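Student: here is a sequence together with a model predicted from it:
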Amino acid sequence: MILSPLKINIKDERFLHIDWSDGSESMLLVANLRKSCPCASCITERTEKPPTYIPLLSTAQLTLRDIKPVGAYAIQLVWQDGHDSGIYTYDKLKEGEY
Ligand SMILES: [Zn+2]
């Protein structure tokens with residue numbers, strides 16, 4: 001069986017809650033999803049910062065505006081500040097890797 005989300009919703013504006021097709025569920029911190037945004041420009045930005053750098057994100061950057069399915073394997077998160085290039089795969093969401 002291919003793992004897929006049955007239901008995705010946002011809890012208390014802080015958590016992304018996912019009900020999976022295998023009956024399990026995931027609770028992911030929205031702030032962590034933004035901080036680990038897997039798009040190329042965010043990865044570059046993170047790798048160029050010194051290890052002591054503490055990212056300060058605005059409320060708009062930490063607020064989800066929309067969640068879109070990408071094929072049968074991932075979701076695209078659209079943030080309030082307009083950033084939308086991060087594609088979050090189901091397997092990594094399931095493993096809590098974001
Ligand atoms: Zn990004």
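Tutor: Cool, the structure landed.
Student: looking at the protein, which helix is longest?
Tutor: Ranked by residue count, the top helix of the chain under DSSP state H comes out as helix 40-48.
Student: ok, then the element right after that helix?
Tutor: Later in the chain than helix 40-48, the nearest helix or strand by DSSP states H and E is strand 64-70.
Student: check which residues of that next one are buried.
Tutor: If you call a residue buried by 16 or more other C-beta atoms under 10 Å, then strand 64-70 has no buried ones at all. Backbone N, C-alpha and C define where each C-beta goes, glycine included.
Student: partners of that strand, with directions?
Tutor: Partners of strand 64-70 in the sheet, by DSSP bridges, are strand 74-79 (antiparallel).
Student: touching the ion at all, the strand it pairs with?
Tutor: No. On the criterion C-beta under 5 Å from the ion, strand 74-79 is out of touch with the ion, staying 8.6 Å away.
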